[in-house]
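Participant: give the three-dimensional model of this entry:
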Amino acid sequence: MRAVEPKLSRYLHHAAAKRGVPLSGTFELSPCCNMDCRMCYVRKTRREVESEGGEIPREKWLSLAEECRKAGTLFLLLTGGEPFLYPGFRELYQELSKMGFMVSMNTNGTMITEDTVSWLSEMPPARMNITLYGASNETYSRLCRNPNGYTQTVRAVRMLKEAGISVKLNASMTPYNIDDLDGIYKTAEELDVYVQASAYMYPPVRKSEDNIGRGDRFYPEEAGKREAEIDRKRLTPEQFQMRREKIQKDILEAPPGPAEQYEQGEPMRCRAGRTSFWINWKGEMTPCGMMVTPAAYPFRDGLMPAWMELREKTEKILLPVGCRQCRMKDLCPVCAASVYTETGRFDEVPQYLCHMTRAKLEHTIEMRN
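Facilitator: Purely as a prediction, here's the structure:
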């Protein structure tokens, strides 16, 4: 099973990019979470949040949402931390749904009860994105410091599916849960839910600039090996074999040709800052949730002035020249967010990704279906 974006969504984003429309947005309501995952980039305690001014009130989010609606925003993602911990979350969700947004949520799933599913069913979200951190309560205890997390999450997925609510699973693979990779895919199969796994963890720069290029994660070569294993699980045998052949022919064995010289790197290729935005719990608008810069301030300046400022700043970002010339670039997760969090700049080659991608390609060739 694979998650495929609807053609209509791709068309709308393409049209929005031409017109400068903020088609898709994320409201990061709170950094508070009932779990404490080792690699988290945003979590804060309630006391820390209050010491920094507290969360933005629901009325202000709703007022900004109205500006988003008028500007053409259609897709709205609610996230945290854990969004279900945000005071008045149910009322906020219901009001946003009434406005006509296609609302999705990022959640760890552990706080979802029968009552939650009941009121969600009245106005179902477009999708629930639930992170599955392991295949046992022991793993949840080790990674997330929640000894009942697996049971709670699986129960939530079952209830949501029984209610006809769309669910997608995400899996963040780390040294603390990698032994559960097979179990995670088995759980997803039993639940009949698509799972998207990744062994690359962005450095948690949002917690501290001191974390640039650092994190509680795999060494790059190990991350590459695990990424290859994930590819083998998510692709059909035919697709995986085609990938192996392409890597062998076009990257590893291709004779060196004349190196094309570029004066500057490529601009951002994703939707961040072009058709989508992220507004964090402090009210800062950035292209995506992993980035701390550039930033604009919609609660202070208004949605559209902030959006136009963010678009202008985003257009000036150029990725490293070395990445543009690299043969591996189409199979590398290099982007503005990964470059900045790895190096503290947008124009420096992120060596972690270079080593990770090279290891991924080599392990892919070594594997057999």
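
Participant: next up, the contacts around residue 67.
Facilitator: By Cβ atoms under 8 Å, 6 or more residues apart in numbering, residue 67 lies in contact with 298, 302-304. In this view, the C-beta of every residue, glycine as well, is placed from N, C-alpha and C.

Participant: swap in 6 Å and give it another go.
Facilitator: Shown in contact with residue 67 (Cβ atoms under 6 Å, 6 or more residues apart in numbering): residue 303.

Participant: again with residue 228
Facilitator: Residue 228 makes contacts with 360, 363-364, as judged by Cβ under 6 Å, 6+ apart.

Participant: and of the residues you listed, the nearest to residue 90?
Facilitator: residue 360 (42.1 Å; Cβ to Cβ).

Participant: do I have it right that that closest one meets residue 224?
Facilitator: Yes: between residue 360 and residue 224 there is a contact under Cβ atoms under 6 Å: 3.8 Å.

Participant: tell me which of the two has more neighbours.
Facilitator: residue 360 (28 against 25; other Cβ atoms under 10 Å).

Participant: quick one, phi psi at the more buried one?
Facilitator: Residue 360 adopts backbone torsions of phi -60, psi -40, taken as degrees, to the nearest 10.

Participant: what about the strands in the stretch 51-200 of the chain?
Facilitator: 75-79, 102-107, 127-131, 167-172, 195-198 (DSSP state E, counting those that start in this stretch).

Participant: quick check: neighbours of the second one in the sheet, parallel or antiparallel?
Facilitator: Each strand pairing with strand 102-107, determined using DSSP bridges, is listed with its direction: strand 75-79 (parallel), strand 127-131 (parallel).

Participant: residues contacting that strand, please?
Facilitator: 74-79, 83, 96-97, 125-130.

Participant: can you turn the buried part of those into a ChimeraX selection?
Facilitator: Entered in ChimeraX, the line below selects the buried ones among the contacts of strand 102-107, by 16 or more other Cβ atoms under 10 Å:
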select :74,75,76,77,78,79,83,96,97,125,126,127,128,129,130
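
Participant: identify the farthest-apart pair in the contacts of strand 102-107.
Facilitator: 74 and 130 (22.5 Å).

Participant: which strand residues bridge residue 104?
Facilitator: Under the criterion used (DSSP bridges), residue 104 bridges to residue 77, residue 127.

Participant: give me the below-cutoff pLDDT ranges for the stretch 1-150 of the chain.
Facilitator: Low-confidence segments of the stretch 1-150 of the chain, defined by pLDDT under 70: 1-4.

Participant: try 50
Facilitator: 1 (pLDDT under 50).

Participant: swap in the stretch 201-350 of the chain?
Facilitator: Short version for the stretch 201-350 of the chain, where the test is pLDDT under 50: none.

Participant: helices along that one, start to end?
Facilitator: Secondary structure of the stretch 201-350 of the chain (DSSP state H, counting those that start in this stretch): helices at 220-234, 237-247, 298-301, 303-315, 321-324, 336-343.

Participant: buried ones in the longest one?
Facilitator: Meaning helix 220-234. Neighbour counts over helix 220-234 (16+ other Cβ under 10 Å) mark 220, 223-232, 234 as buried.

Participant: any chance of the residues you listed in a markdown table, plus distance to residue 150?
Facilitator: Formatted as a markdown table, the buried residues of helix 220-234 follow (distance: Cβ to Cβ, whole Å):
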| residue | distance to residue 150 |
| --- | --- |
| 220 | 29 |
| 223 | 24 |
| 224 | 27 |
| 225 | 25 |
| 226 | 20 |
| 227 | 24 |
| 228 | 26 |
| 229 | 21 |
| 230 | 20 |
| 231 | 25 |
| 232 | 24 |
| 234 | 21 |
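
Participant: so which of those is the closest to residue 15?
Facilitator: Distances from residue 15 to the buried residues of helix 220-234, taken as Cβ to Cβ, are shortest for residue 234 (29.8 Å).

Participant: picking that back up, closest one of the buried residues of helix 220-234 to residue 44?
Facilitator: residue 223 (26.5 Å).

Participant: and that closest one, how far is that from residue 206?
Facilitator: Distance of residue 223 to residue 206, given as Cβ to Cβ, to the nearest Å: 20 Å.
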